[in-house]
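Visitor: Need a 3D model of the sequence below.
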Amino acid sequence: MRCPFCKANKDRVIDSRGSGEGAVIRRRRQCLACKRRFTTYERVEENPFRVIKKDGTREPFSRAKILNGLLKACEKRPIPVPDLEDVVNRIELDIYENFEREVPSKHIGDLVMRHLRDIDKVAYVRFASVYREFKDVSEFIAELQPMVVAPRR
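Guide: Sure thing, here's the model as predicted:
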């Protein structure tokens, strides 16, 4: 591993820890040339997932894109970012468990909506209005109706 400070190619591992539910290993290293410490993360190299969009095009799967959508839906709502990152982790895990190499964007959107509905109803409706491309108020009301008549927990 090349030192980010002096660019030397010799180091030693001081500490190793699993993180991210065992999917990532965090290594603390010390450069043998300049003695400075730095952290690296290792994860299994997997075949990159592709997302099949509504129009049939394909693009690389992006955790960041899901998180950005969640952040936008939850803007000005009392939802901690770590909770949203946990949702992204659960969505990614579902995709890896249920698909080989490609996943329809509809599946991802449905997973996001399912998780948002449990976290925050306002964020859920915000996301649904964009994801389902509501054309008029009646579609918006139709989405709200089950939440209004459902008994409160």
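Visitor: Hmm, residue 81 is touching residue 71, no?
Guide: Yes: with contact defined as C-beta atoms under 8 Å, residue 81 reaches residue 71; the gap is 7.5 Å. Backbone N, C-alpha and C define where each C-beta goes, glycine included.
Visitor: Low-confidence ranges, the chain, go.
Guide: 20-21, 45-47, 150-153 (pLDDT under 70).
Visitor: Next up, identify which helix or strand residue 26 is on.
Guide: Assigned by DSSP states H and E, residue 26 belongs to strand 24-31.
Visitor: continuing past that strand, what's the next helix or strand?
Guide: Next element after strand 24-31 (DSSP H and E): strand 37-43.
Visitor: What lies in contact with that following strand?
Guide: By C-beta atoms under 8 Å, 6 or more residues apart in numbering, the surrounding residues in contact with strand 37-43 are 1, 3-5, 14, 19-20, 23-31.
Visitor: Can you tell me which of those is closest to residue 117?
Guide: Residue 117 has its nearest neighbour among the contacts of strand 37-43 in residue 20, at 25.2 Å by C-beta to C-beta.
Visitor: quick one: secondary structure of the residue nearest the centre of the chain?
Guide: Against the mean C-alpha coordinate of the chain, by C-alpha atoms, centre = their mean, the closest residue is residue 88 at 2.9 Å. Counting by DSSP: H, G, I helix; E, B strand; the rest coil, the backbone at residue 88 sits in helix.
Visitor: That one and residue 24, how far apart?
Guide: Separation of residue 88 from residue 24 (C-beta to C-beta, to the nearest Å) stands at 14 Å.
Visitor: from what I can see residue 74 touches residue 80, true?
Guide: No: the criterion here is C-beta under 8 Å, and residue 74 misses it with residue 80 at 9.5 Å.
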